[in-house]
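Trainee: quick one: sequence plus predicted model below, questions after.
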Amino acid sequence: MQALTDNVAEIQLSYRPTNRLGPVIASSQDAYEELRLWFPEDTISLQERFVALYLNRTNRLLGAYLASFGGITGTVADPRLIISVALKTAAVGIIIAHNHPSGNLKPSRGDEELTSRIRDVAHLLDIKLLDHIILCNDGFYSFADSGII
């Protein structure tokens, strides 16, 4: 009998966390400080990026994922990819973030809709969306601090 792997791609999963323990993210300020590392000073006012942070049960940072980077006015973040990374890292919490090159920290309707979609999908898998942070050169906006999440 011919092996199935000759005709079908084999899917393998692996998980190799580093020995270094990440910092505990206890507030939106903590998240912002970690996220700033993912938004280069030279391009934060030019090009939009979308990043996700993944946390364990004690809100210790497991890692970060650059989900997308785009142009001046937008980027496309795929909730399936963001959630798939959470599943692969066995994360129980996610913080998502993107920058507004315009410097306007007010969330758009699209930002609110994407946040709701990711929150709802994560909830189905017992993963909590802890915050959505919008960054610019001068500071940040937190959906959690504003009571939206």
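Mentor: Cool, the structure landed.

Trainee: bridge partners for the most centrally placed residue in the chain, pull those for me.
Mentor: Centroid-nearest residue in the chain, with Cα atoms, centre = their mean: residue 52, separated by 1.4 Å. Per DSSP bridges, the residues bridged to residue 52 are residue 65, residue 96.

Trainee: tell me who's in contact with it.
Mentor: Residue 52 sits next to 64-65, 67, 82, 85-86, 94-97 when contact means Cβ atoms under 8 Å, 6 or more residues apart in numbering. In this view, the C-beta of every residue, glycine as well, is placed from N, C-alpha and C.

Trainee: can you pull the pLDDT of it?
Mentor: pLDDT recorded at residue 52 is 98.

Trainee: kindly report the same for residue 20.
Mentor: On the pLDDT scale, residue 20 gets 68.

Trainee: could you shift the numbering so residue one becomes 204, and keep it that way?
Mentor: Got it, the first residue is 204 from now on, which makes the last one we talked about residue 223.

Trainee: one step back: okay if I get the contacts of residue 255 as a markdown table plus pLDDT, neighbour count and distance to residue 260?
Mentor: A markdown table is the format used below for these (pLDDT from 0 to 100; neighbours: other Cβ atoms under 10 Å; distance: Cβ to Cβ, whole Å):
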| residue | pLDDT | neighbour count | distance to residue 260 |
| --- | --- | --- | --- |
| 267 | 95 | 18 | 18 |
| 268 | 95 | 20 | 19 |
| 270 | 95 | 20 | 23 |
| 285 | 97 | 24 | 19 |
| 288 | 95 | 18 | 17 |
| 289 | 97 | 24 | 13 |
| 297 | 98 | 24 | 13 |
| 298 | 98 | 29 | 15 |
| 299 | 98 | 29 | 19 |
| 300 | 98 | 26 | 21 |
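
Trainee: can you tell me which of these is nearest residue 229?
Mentor: Checking these against residue 229 with Cβ to Cβ, the nearest one is residue 298 at 11.7 Å.

Trainee: distance of that closest one from residue 276?
Mentor: 23 Å (Cβ to Cβ, to the nearest Å).

Trainee: I'm done for today, thanks for sticking with me.
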